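In: Structure for this input, please:
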Amino acid sequence: MIVSETRSLISYRLKIQKKSPESREQFEQAWKKYVAFCGQDSAENRLVSLKSMNITVALDELQNYYNSLSNHPRTNKLYTQRLAQFFRYMGIPVSTELIKEEVDFVKIPQEELHPLTLEEIRTILNACLYRKRTLFLTQLSSGIRIGELVQLRKKHFTFIPETGIFQIKIPTNIAKFQKARTTFASREAAKGLHAILKTKQDEELVFGTNEDSNNAKHAEIAYLKKVRNRTGLNNKYESNNVSMIGT
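Out: Modelled structure (predicted):
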């Protein structure tokens, strides 16, 4: 006899534990906001009620939840989609197709992105500690996402003497969409990389300050924010109040 486990918030958290820290954090934020949206009602009990109702009630619930959010439109949509995934897990059949048809999302504004100038780059780097300067130089020249960069270990870096640059291999367990790739850090970054790597063992993180990659990523984002504020490079886009210069 196979015993079926009752699905719940706890079992869903166990289900998604192998997903990226960023995905798990997005769900937790979406759920936290849903609990606030439900007010005095128990959010989990409310889901049980929705399961027994017409599907249009669940879709209206998602619409009202989305309308109650006050983040950037992209974030609001993401939280609603994360919550809808949990709805489906709990047996409420709000398919992706139905959500596209029935939930009215605000069109996300497409700002023209601010191109970093050489002067801005110099200002930021000059205001950074040595290790941070090397981190941002590596990111500038390689195009590696900050969430990937903080997970790289010494073994992922290979110096190429004939060119004076570093080859960096990003493995599948780090890369976004689990697609491994190879990139390169410039000669400008190489000097700092040599100094950092010679103090590391193959399995040690090069830039990450924490084995929890999500915490490590947010630490670097927070550091850049302090540098922006200190240097006056803290202009924001008008449409979404997001900083023009970010990781």
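In: Would you map the helices across the protein?
Out: Assigned by DSSP state H, the chain shows helices spanning 9-15, 21-38, 43-51, 55-68, 73-89, 96-102, 118-126, 130-142, 146-149, 187-197, 213-231.
In: Counting by contacts, list what the second one packs against.
Out: Meaning helix 21-38. For helix 21-38, the packing partners by 3 or more Cβ pairs under 8 Å, 6 or more residues apart in numbering; DSSP states H and E come out as helix 43-51, helix 55-68, helix 73-89, helix 213-231. Using the backbone N, CA and C atoms, a C-beta is placed for each residue, glycine as well.
In: Just list the residues touching the residue lying closest to residue 200 once chain neighbours are set aside, thanks.
Out: Leaving aside its sequence neighbours, residue 200 sits nearest to residue 154 (Cβ to Cβ, 6 or more residues apart in numbering; 4.3 Å). If you count contacts by Cβ atoms under 8 Å, 6 or more residues apart in numbering, residue 154 has them with 197, 200, 201, 202, 203, 204, 206.
In: quick one on the thing from earlier: would you turn the helices of the chain into CSV with mean pLDDT and distance to residue 178?
Out: Shown next, in CSV, are the helices of the chain (pLDDT from 0 to 100; distance: least, Cβ to Cβ, whole Å):
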stretch, mean pLDDT, distance to residue 178
helix 9-15, 94, 18
helix 21-38, 93, 12
helix 43-51, 89, 31
helix 55-68, 95, 29
helix 73-89, 94, 19
helix 96-102, 93, 21
helix 118-126, 94, 31
helix 130-142, 94, 19
helix 146-149, 93, 12
helix 187-197, 94, 26
helix 213-231, 93, 14
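In: closest one to residue 179 among those?
Out: Of all the helices of the chain, helix 146-149 sits nearest to residue 179, with 11.1 Å by Cβ to Cβ.
In: What is that closest one packed up against?
Out: Looks like helix 146-149 contacts helix 130-142, helix 213-231 (3+ Cβ pairs under 8 Å, 6+ apart).
In: just checking, what packs against the shortest one?
Out: Taking 3+ Cβ pairs under 8 Å, 6+ apart as contact, the helices and strands that helix 130-142 lies on are helix 118-126, helix 146-149, strand 181-185, helix 187-197, helix 213-231.
In: If we use 10 Å, what do you get?
Out: In terms of contacts (3 or more Cβ pairs under 10 Å, 6 or more residues apart in numbering; DSSP states H and E), helix 130-142 is packed against helix 118-126, helix 146-149, strand 165-170, strand 181-185, helix 187-197, helix 213-231.
In: Only the buried residues of it, if you could.
Out: By neighbour count on 16 or more other Cβ atoms under 10 Å, the buried set for helix 130-142 is 132, 133, 134, 135, 136, 137, 138, 139, 140, 141, 142.
In: tally of neighbours for residue 108?
Out: Neighbour count of residue 108, defined by other Cβ atoms under 10 Å: 14.
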